[in-house]
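Novice: give me the fold of what follows.
(chains A and B)
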Amino acid sequence: MLRSDQILATVEMIQKENLDVRTVTMGINLLDCRSPSVNKTCTNIKARIADKAGRFVETCNLVSRTLGIPVVNKRISITPISFVGAGFDRDGFIELAASLDMAADSVGVDILGGFSAQVEKGMTRTDREYIHSLPEALSVSDKVCASINIGSSQKGINMDALAMLGDTIKDIADKTRDQGGFGAAKFVVFCNQPGDNPFMAGAIHGLEEADTVLNVGVSGPGVIARALERLISSRSKLRLDDIAEEIKQTTFRVTRCGELVGRQVSNILGVSFGVVDLSLAPTPTVGDSVGEILHILGVDAIGAPGSTAIVAMLNDAVKKGGIFASKTVGGLSGAFIPVMEDAVLAAAVGNGDLCLEKLEAMTCVCSVGIDMVAIPGSVDGDTIAAIIADEMAVGMINNKTTAVRIIPVPGKEVGDSVSFGGLFGSSPIMPVRNVGKSSRFIRWGGRMPAPVHSFKN
Amino acid sequence: MSRQMIISVMSQDRTGIVADITGAIYELGGDLADLNQSTLCGYLTMILFATFDDHVTPDMLIARVARIDSPTRLDIVAREVFGPPTATSDKLPKRTYIMTAQGVNRKGIVYGISSFCFEHDINIMDLATTTSKNTYTMVLQLDLTAVPSITEVRRKLLKYAEEHHLQVVLQHHDLFKVTNEIPF
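Specialist: Numbering: from 1, shown residues only, chains lettered A, B, ... in the order given. Below you'll find the predicted structure:
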């Protein structure tokens, strides 16, 4: 038998430290569901999702019960909808969104991602119709998440798409004004979007994928935080490399749990296993925070000098531990810093410790980007587009995924707060400086050329 | 013809016990097939399986061990066994679970949990206990092959734990294996 201390450490991780499998996400190819009419396409999509994911949720629950580890979310990602709905107009895409919502509901999943487009080099007429559909599509659906890839290290940044998105995000928020602009929390703009990310709102089933694939997202900032607290209290003369090692080893254990669950679910369903995304994704639950890890590692305020360096070390240690633990790693894999979903980060916004500029700096070394940030509803579309442009440039130049999920909360200003409840969390409104001063840049349109891939200094 | 024996030895722990016992078996021409030992609170216990020539009896082995010049008392039981030995499989049953039970140290905790297992057709394959700061911890490796519903037994277990002021967790063995072992 295994040693008792090993067993008790694992029990602690699961029972007391919020270890769970954050999401099992089934990727489903919908390309061949396209039919001449929108109506028939919707019917085909609903039939495909019911066929592939009919037993998905019950199987996840069965594996969760059998092993004794919680699987928090069961989700679906689909082929980016702009490819499935090629040739459809705005109204057609809104109908597709409503059908996807029904399909998600009928199989009992929490969220469905992939109401998406990939326009990093140029936009088709369909892509423009898709973008125009977003405000309505995200207000008529509850479970549908949307994303758009507007940049890549190989192709550069599509500045025409970018210019449309600032106002689109404002329209999305405005359409869901009675929910505090919640629609914008279901829409992410990406550079270098991965096709196998199981986390929302940016999950898609990439064109490079097989018909059906199962991806798993593990989490566990709480587990890392408790492991570090134990290490710090039990040893003197601790140095940063010891701490990095502890994060690595803890991530190894967390990732192995995710891999076990994912492979068992995929075996039962007869679906091929894709990847484990080994990300530290916080939740608003106290003790399940990435911000808390920054505190433990030595900054008394989130956003204080040193915060970026800590996120860099954390992100790297998480990758190292996880990569060794899993046969196939993919998705985003690293540390997330979604402000609203992390109680400690949100509090840092409230007391003025964390500003947008420092958050952007931290995203240069984290695994995603400016995520779940609530800003004043009065900020203009061009300023939002310019915030996105900065973040896309970070991703493009550094060959990494970056994303922006920003919520201009209608009718709210700095000093107010917004709450979406559940995993989406709450936050004070973050100030945006230099509003209205980037319009000339955004109006150029065109493309930001791809960077040189040598001479790396 | 040969004679198979299962042998159990208990002694206060010291260096040389394994050498003394296996030396006695060797002198009697025995072929040692398997041995398992463990120590607890300064005492050692071991169980051995050996094959001897037909003329060697369990009493002869006990008498031979009694002649060992040992600074500790060696308690030995030897019994002849018939038929082929049951092979010890390294492969665990598919429904191998780990149960941990923790509570304030008091009498009857092990008895209570083991009775619960017996009443629910749960076979205890391995068991270890520790006490730290008046908290008693049991770790059990269990075979739940005969249990019709894991969900139901877990529900009853949680009820039992609540009634007896214990924290009990039941999880599949695979979970512990993957988090603590690197596969080869």
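Novice: who in the stretch 1-150 of chain A is up against chain B?
Specialist: A:1-2, A:4, A:6-8, A:10-11, A:13-15, A:65-69 (CB under 8 Å from any CB of the partner chain). C-beta here means a position set from N, CA and C on the backbone, and glycine is covered the same way.
Novice: hmm, which of the residues you listed are the buried ones?
Specialist: Among the residues of the stretch 1-150 of chain A next to chain B, the ones that count as buried by 16 or more other CB atoms under 10 Å in any protein chain shown are A:1-2, A:4, A:6-8, A:10-11, A:13-14, A:65-69.
Novice: so which of those residues comes closest to chain B?
Specialist: Nearest to chain B, judged by CB to the nearest CB, of these is A:G68 at 3.3 Å.
Novice: out of everything not next to it in sequence, what's closest to that closest one?
Specialist: B:Q171 (3.3 Å; CB to CB, 6 or more residues apart in numbering or on different chains).
Novice: can I assume the one you found sits in a helix?
Specialist: No - looking at B:Q171 with DSSP: H, G, I helix; E, B strand; the rest coil, it is strand, so not inside a helix.
Novice: for it, what are its contacts?
Specialist: Residues in contact with B:Q171 (CB atoms under 8 Å, 6 or more residues apart in numbering or on different chains) are A:10-11, A:14, A:67-69, B:97-98.
Novice: so which of the residues you listed are in strands?
Specialist: Residues from the contacts of B:Q171 lying in strands, with DSSP state E as the criterion: B:97-98.
Novice: now the two most distant members of the contacts of B:Q171.
Specialist: Across the contacts of B:Q171, the longest distance by CB to CB is 13.7 Å; it joins A:I14 and B:Y97.
Novice: tell me the contacts of the spatially closest residue to B:V168 that is not a sequence neighbour?
Specialist: Once flanking residues are discounted, B:V168 sits nearest to B:A161: 3.8 Å by CB to CB, 6+ apart. By CB under 8 Å, 6+ apart, the contact set of B:A161 is B:101, B:167-168.
Novice: and B:A161, that's in a helix?
Specialist: Yes - B:A161: assigned to a helix according to three-state DSSP.
Novice: for it, give its distance to A:E136.
Specialist: 52 Å (CB to CB, to the nearest Å).
Novice: what segments of the chain are strands?
Specialist: By default, I'm working from chain A. Using DSSP E, strands in chain A cover A:21-28, A:71-78, A:111-118, A:144-152, A:156-158, A:187-191, A:212-218, A:272-278, A:370-376, A:402-409, A:417-419, A:426-428, A:447-448.
Novice: hm, I was asking about chain B
Specialist: For chain B, strands defined by DSSP E occupy the ranges B:2-12, B:31-40, B:43-53, B:75-81, B:96-104, B:123-132, B:135-143, B:167-172.
Novice: list the contacts of residue 61.
Specialist: In the absence of a named chain, chain A is used. Per CB under 8 Å, 6+ apart, neighbours of A:N61: A:V71.
Novice: you looked at the wrong chain, it should be chain B
Specialist: Going by CB under 8 Å, 6+ apart, B:L61 touches B:5, B:7, B:24-25, B:28, B:30, B:52, B:76, B:78.
Novice: among these, which two are most distant?
Specialist: Checking those with CB to CB, the most distant pair is B:F52 and B:I76, at 14.7 Å.
Novice: ok, the contacts of B:L61 vs chain A, which is closest?
Specialist: B:I7 (23.3 Å).
Novice: show me chain B divided up by domain.
Specialist: By the assignment in automatic domain parsing, chain B contains the domains B:2-81, B:96-180.
Novice: how about the residue nearest to A:A312 when sequence neighbours are not counted, phi and psi?
Specialist: Using CB to CB, 6+ apart and skipping residues adjacent in sequence, the residue nearest A:A312 is A:V365, 3.8 Å away. Reported as degrees, to the nearest 10, the phi and psi values for A:V365 are phi -120, psi 0.
Novice: pretty sure B:L127 contacts B:V139?
Specialist: Yes - the pair B:L127 / B:V139 is scored as a contact, 7.3 Å apart, by CB atoms under 8 Å.
Novice: neighbour count winner among these two?
Specialist: Neighbours per residue, other CB atoms under 10 Å in any protein chain shown: of B:L127 and B:V139, the larger number sits with B:V139, 24 against 16.
Novice: show me what contacts the more buried one?
Specialist: A:1, A:4, A:7-8, B:98-100, B:127-129.
Novice: out of the residues you listed, which comes closest to A:I375?
Specialist: Distances from A:I375 to the contacts of B:V139, taken by CB to CB, are shortest for A:L8, at 45.1 Å.
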